[in-house]
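Peer 1: What follows is a predicted protein model with its sequence.
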Amino acid sequence: MIHYIRYGQRQCTYPPLEYGPSHSVEKSLCYPDALISPIHPRTKSLSKNTNERRQSKASINIPIFKDCKTLSPFRDELFKDDPDIKDDNIHLDSTTAGWGCCCLQVTFQCESFEESIYLYDQLLPLCPIMLCLSGACPIWRGYLSDIDCRWNVLSEAADDRTIEERKERNFLSRFSSTPSYLADKNKHLNDFDYPVNQSVVSKLIDQGMPETLSRHFGHLFIRDPLVVLKEFLHPIDDTTSYHFENLNSLVWNSLRLKPPPLDDNLMGWRIEFRPMDIQISDFENAALVVFLALLTRVIITYGLDLTIPISQVNKNMNIAHYRDSARKEKFYFRHGNQISEMFMNEIINGTQDFLGLVPLTRKYILQREDIDADTRHTIEQYLSLISKRAAGTLLTNASWIRQFVLSHPSYKQDSIVSEEIQYDLVWKMQQIANGHEDCPQIKYPNMDTHTELHPK
């Protein structure tokens with residue numbers, strides 16, 4: 001579950017918490033400090049420092065799903081005096097609203113620096129595709145929204161830009177879609193003019209780093225570090241890359257390039273794939289992860305080129321949030337030497353002119369002789385789920401959750417998810433997640449795994 005359904009709707013916990021600006025470092029009306037994890041001091045500091053740098057508390061507006069009895073205009077009464085509130089939007093006023101979400105991230109270690117650059121560039125246009133397929137977040141603060149994913153909400157929640165910085169069109173939130181490709185041969189596709197620290201770029205180029213990659217690192221260094229642990233503030237020597245790792249980890253793009261740390265000679269170049277929503281069941285999570293992992297092998301084996309202009313990737317990221325986008329929307333996608341607008345079914349399952357990502361993966365699996373029968377069965381079940389979700393035969397989690405609410409006997413067609421609906425929904429999700437109940441709308445009962453994670 002991405003987050004609790006009525007999270008932020010005040011009395012949403014047991015025991016009840018005290019709410020209001022005096023109980024929140026962010027001055028939030030809905031998200032007191034007691035909701036922030038106490039495990040690491042960095043967590044609370046991130047919320048506090050983000051707002052201090054922004055010079056105001058978070059202000060997030062999410063379009064509400066307009067049902068036949070939804071107030072028109074809908075106005076969130078709790079925030080009626082807030083100048084940032086918009087009509088027909090659900091309003092959130094805390095970074096915790098975004099950082100409290102669960103997601104599905106995968107890190108791939110590459111064979112070499114060159115492979116990491118190539119794979120990074122090929123995974124970049126897949127970010128909105130996988131975001132769309134994993135969409136699982138249609139409810140915010142107890143209201144049905146008109147979006148399916150969490151990503152843009154986090155982008156606003158983690159936004160530490162000042163008012164003046166937000167006026168600059170190309171100065172994005174530190175939580176945003178990846179702004180550029182890394183290989184020089186793809187720099188013509190970097191049609192988004194993102195800001196860089198020119199001093200850093202010049203130094204890296206002088207040391208022999210390619211220009212496009214230098215601009216990637218130069219872009220990281222336009223940010224202030226949000227948190228620095230005092231015990232690491234002054235390194236005793238140059239054998240640690242703490243300050244770089246800290247800054248790199250506090251810029252939340254859809255992809256993250258992770259160079260080998262100075263103090264670990266066994267760790268290579270890694271790519272962190274970050275956009276996906278968490279799923280209801282382990283099987284669905286495994287299907288997304290295995291499909292993505294196999295795609296990296298397909299890309300490298302067949303030398304695929306999936307790159308499209310960054311501006312089109314950004315459009316795709318927004319389209320992925322649209323309600324039921326997996327079945328209804330078209331995405332920019334490269335097939336061969338041309339870029340077309342394609343439905344998710346065409347991208348995943350193919351057309352007359354394009355084999356499709358799942359058939360390509362099946363082709364790769366067939367050519368491998370080192371995969372046993374049980375593993376082949378398991379992989380096929382995972383690919384089948386992805387294929388049927390793209391075809392619309394199976395629903396995304398977001399579409400299923402929305403359908404559950406709309407068909408609940410207590411739902412009043414007013415976009416409000418009551419405590420009773422929340423209870424029934426969370427109970428149903430728990431039953432599905434624990435394997436106690438089938439849900440053929442999101443996963444066929446015969447979809448199973450024959451692979452032992454811990455063979456005897």
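Peer 2: Arrived safely. Numbering: from 1, shown residues only.

Peer 1: can you map out the strands along the chain?
Peer 2: All strands of the chain, identified by DSSP state E, fall at 60-63, 89-92, 103-109, 139-140, 143-144, 175-176, 252-253, 255-258, 270-277, 330-335, 338-343.

Peer 1: Could I get the average pLDDT for the last one?
Peer 2: Model confidence over strand 338-343, given as mean pLDDT, is 97.

Peer 1: Pull out the buried residues from it.
Peer 2: Neighbour counts over strand 338-343 (16 or more other Cβ atoms under 10 Å) mark 339, 340, 342, 343 as buried. C-beta here means a position set from N, CA and C on the backbone, and glycine is covered the same way.

Peer 1: Output the contacting helices and strands for that strand.
Peer 2: Helices and strands touching strand 338-343, by 3 or more Cβ pairs under 8 Å, 6 or more residues apart in numbering; DSSP states H and E, are strand 330-335.

Peer 1: any idea of the angle the strand it packs on forms with strand 338-343?
Peer 2: 140 degrees (axes from the mean of the first three to the mean of the last three Cα atoms, to 10 degrees).

Peer 1: Give me the buried positions along strand 330-335.
Peer 2: For strand 330-335, burial by neighbour count (16+ other Cβ under 10 Å) applies to 331, 332, 333, 334, 335.

Peer 1: Could you pull up the mean pLDDT of that strand?
Peer 2: Here strand 330-335 scores 97 as its mean pLDDT.

Peer 1: Partner strands of it, with direction?
Peer 2: strand 338-343 (antiparallel) (DSSP bridges).

Peer 1: Which residues outside the strand it pairs with are in contact with it?
Peer 2: For strand 338-343, the external contacting residues (Cβ atoms under 8 Å, 6 or more residues apart in numbering) are 308, 309, 312, 329, 330, 331, 332, 333, 335, 351, 354.

Peer 1: do stretch 212-220 as well
Peer 2: By Cβ under 8 Å, 6+ apart, the residues outside stretch 212-220 that reach it are 117, 179-184, 186-187, 190, 194-198, 200-201, 204-205, 209, 247-248, 251, 257.

Peer 1: export it as PDB, just CAs?
Peer 2: Extracted in PDB, the C-alpha atoms of stretch 212-220 (Å, rounded to 0.1, in the frame of the first residue of the first chain):
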ATOM      1  CA  THR A 212      27.400  15.700 -21.200                       C
ATOM      2  CA  LEU A 213      28.300  13.600 -18.200                       C
ATOM      3  CA  SER A 214      30.000  16.700 -16.700                       C
ATOM      4  CA  ARG A 215      26.800  18.600 -17.000                       C
ATOM      5  CA  HIS A 216      25.000  15.800 -15.200                       C
ATOM      6  CA  PHE A 217      27.200  16.200 -12.200                       C
ATOM      7  CA  GLY A 218      27.200  20.000 -12.600                       C
ATOM      8  CA  HIS A 219      23.400  19.900 -12.300                       C
ATOM      9  CA  LEU A 220      23.700  18.100  -8.900                       C
END
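
Peer 1: Mean confidence (pLDDT) on it, please.
Peer 2: For stretch 212-220, the per-residue pLDDT averages 97.

Peer 1: And that stretch, how far out from the chain middle?
Peer 2: Counting by Cα atoms, centre = their mean, to the nearest Å, stretch 212-220 is centred 22 Å from the centre of its parent chain.

Peer 1: And the helices in the stretch 201-350 of the chain?
Peer 2: All helices of the stretch 201-350 of the chain, identified by DSSP state H, counting those that start in this stretch, fall at 211-220, 242-249, 282-302, 310-319, 325-328, 344-349.

Peer 1: So for the chain, the centremost residue is which one?
Peer 2: The chain has residue 275 as the residue nearest its centroid, 2.4 Å off, counting by Cα atoms, centre = their mean.

Peer 1: Relative to residue 99, how far out is that one?
Peer 2: Going from residue 275 to residue 99 by Cβ to Cβ, to the nearest Å gives 16 Å.

Peer 1: I'd say the residue nearest to the centre of the chain and residue 253 touch.
Peer 2: No. With contact defined as Cβ atoms under 8 Å, residue 275 and residue 253 do not form a contacting pair (9.4 Å).
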